[in-house]
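Asker: Prediction below, plus the sequence it came from.
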2 protein chains.
Amino acid sequence: MKVSCQMEDLLYGVQTVSRAVSGKNTLPVLSGILLWAEDDRLFLQSTNLELAIECCIPAEVEASGKVVVPGKNFLDLVRFLPQGTIVLAQTGEFDLTVSYENSETVFRGMDPVDFPAFPEVQGDIEGSIPAPLFKKIVRQVAFAASTNEARPVFTGVLLDFIEGQLVMVATDTHRLAKQVIPWQGKGVGKVIVPAKTMQEIARFAAEDQQIDLIISKNQIYFRTGQVAFISRVINGQYPDYNQVIPKKEAFITKSVIQSSRFLQEMERASVVAREGAGVIKLHFGQDLLGFHASAPDLGTIDGHMSILHQGEEIEVVYNSKYILEVLKNIEGDSLYMELTGPVTPGIITSDADENFLYLILPVRIG
Amino acid sequence: MKVSCQMEDLLYGVQTVSRAVSGKNTLPVLSGILLWAEDDRLFLQSTNLELAIECCIPAEVEASGKVVVPGKNFLDLVRFLPQGTIVLAQTGEFDLTVSYENSETVFRGMDPVDFPAFPEVQGDIEGSIPAPLFKKIVRQVAFAASTNEARPVFTGVLLDFIEGQLVMVATDTHRLAKQVIPWQGKGVGKVIVPAKTMQEIARFAAEDQQIDLIISKNQIYFRTGQVAFISRVINGQYPDYNQVIPKKEAFITKSVIQSSRFLQEMERASVVAREGAGVIKLHFGQDLLGFHASAPDLGTIDGHMSILHQGEEIEVVYNSKYILEVLKNIEGDSLYMELTGPVTPGIITSDADENFLYLILPVRIG
């Protein structure tokens, strides 16, 4: 392999695929980046066996071929390379020589035959989502997934492709976030994708791009611009989210709350709550939302804010993290909070986005 | 104590003194911030017994008095307080109630009599330094101090007040940085101040301010704007820096090197060097500076750049960190490197600043 490319392109490529480079303590070849040249392009690939990333950049190809270089060190060098043309050439059996100005760096490479192939994904579900929409739903849903690997399905985001719609759901069984967007692609079905993968892909999508998806039984393929991702999917039965969400007639209260003010109050209450049991007590009364948190070693916080409230007076206790996280990600100036009782689920929705729904379970005290 | 103050002022004060709040595993009262009100001001104090910080902010004082609040949690709350007037009132024996809008937070306080007094420093050396100059010398010198607590004097920066001049020196015995600035204050003498303290104070000084200093036998006092610092000084004998720096006649070479290019080359060489023995070999020849680094598991880097070189050809090996750190902090487009031999000290100076000097010892190989 021998190619010339521009430093900025190379840096973009190496930074992109570095997100899936594994640490040194796994299979050695996974700590590397696979480079291969073809036509007028240099391809870069990495994989941690959960997520594989491929990026292609423009290059002048003098000789094709494949090399695997140590990922972290290669990125460290490329970051400091001078602007302009960089020459990458295979030397020796597996080595890569990086030349620029009057200097050259020789990286001891690894055998490319050991590098896992970037699989081709073919599937029944296929289509595109505008990147801004994808970024928004990932931000609004993925945070609600669990980080506890003991129950894998809950560490994922459910993508439920139904006729004309994509429903995205995440839950850790204490709260659930759901968003719905239009979907023009072909095929219907469900897939559970690791929440981390979804967040990683949302980072990479530029505002003016599309994200193409192909879903097979075991893998999901995303492409945006020069970058392609393949992620494993999580096997298992995802709970039926429609059954979990209370029916309209179950709600006994409905409040309209100013979002930004509520967030500020909950930020402050969380300072106290997290030094104690991590819970905040909310009191919904006529036109007032009162709140209280305490921590034995630190003190107490008490306050109230104006709301519009319909229905009976009610007191509920929530995990402060579950309240804060939705308030940080919800859109719109006003939110609606509807409760079914002091120890049964409530939902939070937004005036700005009727497709978003957040379900939250109260904490049972005593 | 009962005072009203503006949220922005309070945040500035709490953030400032938080830099010296101790962790919870030391004397409990040191994890607190002492607040006390007097005249039209609220004073905030913290100490970790090495460094004490005091900050005063404007306030309307209704009742004077002292309280000690948990530092970290207080900062966490103040960060999220709404703009506008905040009321701080002592409640109960030691508690502090923070009121704003329709909310109040009660912090369980600590007995202020346990809080170490902010000492008054009187000394023979006294004067002022413009903040920009102070920031510059601290940046250029303090990095060369040691972090090894086994030999305390080398973790400090020497301030040597001589007639009309302040000489600042730091060394870890492998390299030494020295800078000289004019000094109009009274008194002469030496004091060793922890390098971390110097860096902390440099952070706080605004560009348009003065830094006032008072130095006693055991403590050094700094004041800049609303903030005062008292640091312990390090006791011990600092080596005579004038004896360590080679005399003019000892130099056998002199090179003129473009600073920014040299930094870039050394950044790249360090990527390889730090995976190996952490050293870079420099070869000074006629109009060329060659460099080489290698790491058994990673590879090699080789290159050269144009320089002006007087004297014999010479090869020296340096710790890459010691080269990089000076290049990141030196001023000017060109630097001078003068060597006394392959295993004896060299010095680096700058065309832009004749008062700065960096001494570096080569690494002996084999």
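Answerer: Yep, that arrived. Residues are numbered from 1 along each chain as shown, chains lettered A, B, ... in the order given.
Asker: Next, count neighbours for the closest residue to chain B within the stretch 1-150 of chain A.
Answerer: Nearest to chain B in the stretch 1-150 of chain A, going by C-beta to the nearest C-beta, is A:Ser103, at a distance of 2.6 Å. Glycine gets a C-beta too; all of them are placed from N, C-alpha and C. By other C-beta atoms under 10 Å in any protein chain shown, the residues close to A:Ser103 number 20.
Asker: residue contacts, the residue nearest to it when sequence neighbours are not counted?
Answerer: Closest residue in space to A:Ser103, ignoring its immediate chain neighbours: B:Gly303 at 2.6 Å, by C-beta to C-beta, 6 or more residues apart in numbering or on different chains. By C-beta atoms under 8 Å, 6 or more residues apart in numbering or on different chains, the contact list for B:Gly303 reads A:101-104, B:265, B:268-269, B:290-291.
Asker: Let's see which of those end up in helices.
Answerer: In helices, defined here by DSSP state H, the members of the contacts of B:Gly303 are B:265, B:268-269.
Asker: which is the next helix or strand following the host helix or strand of the residue nearest to A:Ser103?
Answerer: Following DSSP states H and E, one finds B:Gly303 within strand B:299-306. The element immediately downstream of strand B:299-306 (helix or strand, assigned by DSSP H and E) is strand B:308-311.
Asker: could I have that next one exported to PDB, CA atoms only?
Answerer: C-alpha atoms of strand B:308-311 as PDB (Å, rounded to 0.1, in the frame of the first residue of the first chain):
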ATOM      1  CA  LEU B 308      21.900  27.800  12.300                       C
ATOM      2  CA  HIS B 309      24.700  26.000  14.200                       C
ATOM      3  CA  GLN B 310      28.000  27.200  15.400                       C
ATOM      4  CA  GLY B 311      30.600  24.900  16.900                       C
END
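Asker: Pull up the residues of the stretch 51-200 of chain A that are close to chain B.
Answerer: Neighbours of chain B within the stretch 51-200 of chain A, by C-beta under 8 Å from any C-beta of the partner chain: A:70, A:73, A:76-77, A:80-82, A:95, A:101-108.
Asker: What's the ChimeraX syntax to select whichever of those residues are buried?
Answerer: To isolate the buried members of these in ChimeraX, using 16 or more other C-beta atoms under 10 Å in any protein chain shown:
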select /A:70,73,76,77,80,81,95,101,103,104,105,106,107,108
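Asker: Contacts only, for the closest residue in space to A:Glu163 that isn't next to it in sequence.
Answerer: Ranked by C-beta to C-beta, 6+ apart and with sequence neighbours excluded, the top spatial neighbour of A:Glu163 is A:Val188, at 6.5 Å. With contact taken as C-beta under 8 Å, 6+ apart, A:Val188 is in contact with A:125, A:161-163.
Asker: Reformat those residues into JSON lines and put distance to A:His283, pLDDT and secondary structure next to each item.
Answerer: Below are those laid out as JSON lines (distance: C-beta to C-beta, whole Å; pLDDT from 0 to 100; DSSP: H, G, I helix; E, B strand; the rest coil):
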{"residue": "A:Ile125", "distance to A:His283": "46", "pLDDT": "95", "secondary structure": "strand"}
{"residue": "A:Phe161", "distance to A:His283": "42", "pLDDT": "96", "secondary structure": "strand"}
{"residue": "A:Ile162", "distance to A:His283": "39", "pLDDT": "94", "secondary structure": "strand"}
{"residue": "A:Glu163", "distance to A:His283": "43", "pLDDT": "90", "secondary structure": "coil"}
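Asker: Buried ones among these?
Answerer: Judged by 16+ other C-beta under 10 Å, buried ones among those: A:125, A:161.
Asker: which residue does the stretch 201-350 of chain A bring closest to chain B?
Answerer: For the stretch 201-350 of chain A, C-beta to the nearest C-beta, closest residue to chain B: A:Gly303, 2.6 Å.
Asker: Secondary structure element holding the most centrally placed residue in chain A?
Answerer: Nearest to the centroid of the C-alpha atoms of chain A, with distances taken as C-alpha atoms, centre = their mean, sits A:Gln199, at 1.7 Å. If you go by DSSP H and E, A:Gln199 is part of helix A:195-204.
Asker: Secondary structure of A:Phe134: a helix, I assume?
Answerer: Yes - looking at A:Phe134 with DSSP: H, G, I helix; E, B strand; the rest coil, it is inside a helix.
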